[in-house]
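Engineer: Sequence first, then the predicted structure:
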Amino acid sequence: MQQSIIFKTLLVLAGVIVFIFITSGYLFVQNDKELIERIRDYNLNSAIKALDYRLEISLKNNQGQMQDMTNMIGKNTSLFLLNFDIDGLKDSLIFDMKREGVKAIKVWDSSMNELFLLALKEDNKIIFKNILPEYYNDYIPLKKSISHNEDGVEKKIGEITLYYDESLIINYINELKKNTMDEINNFDTAINNKLLESNIIKLYIAIGFLITILVVSTILLIIFVNTPLKRLKIGLDDFFLFLQGKKQSPEEIILNTRDEFGQMANSLNKNILVSARLHEEIRELNTNLEKKVAHRTQELANINKEVQDSIDYASTIQRSFLKNPAIIKERFNDSLVIWQPRDKVGGDLYIFEETTEGVLFGVVDCTGHSVPGGFMTMLAGSIIKKLANVLSNNPAKLLSELNIAIKQQLNQEGKDALSDDGLDMGLCFINKENTILRYAGAKMDLIYFKESLQQDKSHQPDININPLNIIKSNKQSIGYKRSKSDYEYTNHEIHIEKSESFYLYSDGITDQTGGNKNFPYGNKKFKKLLLSIQEKTMAEQETIILKTLKEYQGDNERRDDITIIGFKL
């Protein structure tokens, strides 16, 4: 008859556990003090629930008062914010900050998207700072929009954030809880002293039962589990030594019992014999597989090298398509050309074509970057070169014709087109006498500066009072499915005065993230940079721009291709 070790162990343990529970149950029933403990728990829970409810009501009332205060501050702040009256707002906030529990009041100016005023309470003193300390985030924030009625329409001009501390209320209620628990515990101490003798007896009995269970379980495990497991382990270790090639053949596991371990030993012995035969076959298969893997790895390496070589060659072709900056400097002595694709192949392109009438130059920002962007630049560049032969002095007409050509070449005339690619572009024509500049753009503005700036050497120039001029481009891109085929772009003509600086650039530099807040560099900041370096030569400007970009980018990855063209006349 089969003898089950699990049955043996469970049978003995069940008998011991049943004996322990019967004895313990009898002792617990005899202990008439249990009722007192239940009464104590009930009283304690009731008191805690009442105090928790009181805390909840107090916090709600306090939050309501704070919200009313926040709403009132929001109404009173609109005039200060509209008039930019910081001193008046400070006086008003000092009064509001005296309220107990108020830790900070922050006023945000939505029109300028910046902090207007920040009042803090530190060591019971009211101070004003520009940055909210990090630990103030542990307080409760309440927000209220600041609005202004303009022509009957409510317009949001800012936001109030009030930070308040609930710890005074919470600490007060917690102190009441502590006092209540202390009183109940003091009452229970007297009763518990009388129960001590009974509990000691229960402890001794429990320890005795526990020791008995441990001793019996240990003996059973040694007899019925530990010994068979050791034999199985020795047999398996011997088999693994065979698999490792340290033994010629595995030995049989000898365990002559009729329980689960005996059945396991018989099953292992059968599997060991089968595994020994398979081991040799697997060893041969592994050898062949390693050879195949090595061969396939080499094939993949060769394919990868071919792809990289193709991309490198594509980069060479694209660079050869661009005019050498030295040729541009022959026409414009004081000029800069920055062309930095994000990858080896880029989606940006700069144009420089000389004709009998003058010079055509511009910047092209195609869809995407890397290889797809490179294909677009080659397509767009080829079409532009062809159109420049007949339309060099009419940038707007050239853009319109380029729009039609791109849509036709990519079959993007209908809604069912497979692709939706295109480009943004700024294009300028300058006559041979350098007296007239004619510009047209598709979502790419032309920036230029005049020498009329009388700059105070002790101050940086203010972008609001500088000779910065912007010629806005048309708002339609070129070539996309949504771009209208019959769209006509606009020419803008400038009579050039001496010492004027002109710039065209793609959005790669303005979209580049970096700085302390990891924000995009932005158009406004780039225009300020250009303004600040107007007294420099274009070569010096190029160095400053690249250095500024590198410092702002920091450890961030390059987001897009960057192209900038600038020249002085």
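Structural biologist: That came through, no problem.

Engineer: Now I105: closest residue in space, sequence neighbours ignored.
Structural biologist: Distance criterion Cβ to Cβ, 6 or more residues apart in numbering; nearest residue to I105, sequence neighbours excluded, is A119 at 4.7 Å. Using the backbone N, CA and C atoms, a C-beta is placed for each residue, glycine as well.

Engineer: try S249
Structural biologist: The shortest distance from S249 to any non-neighbouring residue, by Cβ to Cβ, 6+ apart, is to F242 (6.4 Å).

Engineer: just L89 next, same as before
Structural biologist: Per Cβ to Cβ, 6+ apart, closest to L89 is F80, 3.9 Å.

Engineer: would the residue nearest to S249 count as being in a helix?
Structural biologist: Yes: F242 forms part of a helix when assessed by DSSP: H, G, I helix; E, B strand; the rest coil.

Engineer: Can you report how many residues neighbour it?
Structural biologist: By other Cβ atoms under 10 Å, the residues close to F242 number 18.

Engineer: quick one: low-confidence ranges for the stretch 451-569 of the chain?
Structural biologist: Under the criterion pLDDT under 70, the flagged ranges of the stretch 451-569 of the chain are 452-466.

Engineer: least trustworthy helix or strand in the chain by mean pLDDT?
Structural biologist: helix 5-30 (a mean of 69; mean pLDDT, DSSP states H and E).

Engineer: elements contacting the helix or strand just after that one?
Structural biologist: Counting by DSSP states H and E, the next helix or strand C-terminal to helix 5-30 is helix 34-83. Contact partners of helix 34-83 among helices and strands, from 3 or more Cβ pairs under 8 Å, 6 or more residues apart in numbering; DSSP states H and E: helix 86-97, strand 102-109, strand 140-150, strand 153-164, helix 167-221.

Engineer: Including mean neighbour count and mean pLDDT, could the ones you listed go into a markdown table?
Structural biologist: Below are the helices and strands packed on helix 34-83 laid out as a markdown table (neighbours: other Cβ atoms under 10 Å; pLDDT from 0 to 100):
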| stretch | mean neighbour count | mean pLDDT |
| --- | --- | --- |
| helix 86-97 | 16 | 84 |
| strand 102-109 | 21 | 88 |
| strand 140-150 | 15 | 85 |
| strand 153-164 | 18 | 87 |
| helix 167-221 | 13 | 77 |
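
Engineer: Please name whichever of those is nearest to R342.
Structural biologist: In terms of Cβ to Cβ, the element of the helices and strands packed on helix 34-83 nearest to R342 is strand 102-109, at 35.2 Å.

Engineer: So which elements touch that closest one?
Structural biologist: Applying 3+ Cβ pairs under 8 Å, 6+ apart, one finds that strand 102-109 contacts helix 34-83, helix 86-97, strand 114-122, strand 153-164.

Engineer: now the angle from the first one to strand 153-164?
Structural biologist: Translated: helix 34-83. 130 degrees (axes from the mean of the first three to the mean of the last three Cα atoms, to 10 degrees).

Engineer: taking the mean pLDDT, what do you get for helix 34-83?
Structural biologist: Across helix 34-83, pLDDT averages out at 82.

Engineer: Could you tell me the angle between that helix and helix 86-97?
Structural biologist: Here helix 34-83 runs at an angle of 160 degrees relative to helix 86-97 (the same axes, to 10 degrees).

Engineer: centre of the chain versus helix 34-83, how much separation?
Structural biologist: Distance of helix 34-83 from the chain centroid (Cα atoms, centre = their mean, to the nearest Å) equals 36 Å.

Engineer: One more: the third one?
Structural biologist: Using Cα atoms, centre = their mean, we find the averaged C-alpha position of strand 114-122 to lie 28 Å away from the chain's own average C-alpha position.

Engineer: Can you tell me what sits against the next helix or strand after it?
Structural biologist: Sequence order places strand 125-128 as the next helix or strand after strand 114-122, per DSSP H and E. Defining contact as Cβ atoms under 8 Å, 6 or more residues apart in numbering, one finds that strand 125-128 is touched by K90, L93, I94, M97, K98, L117, L118, A119, L120, K121.
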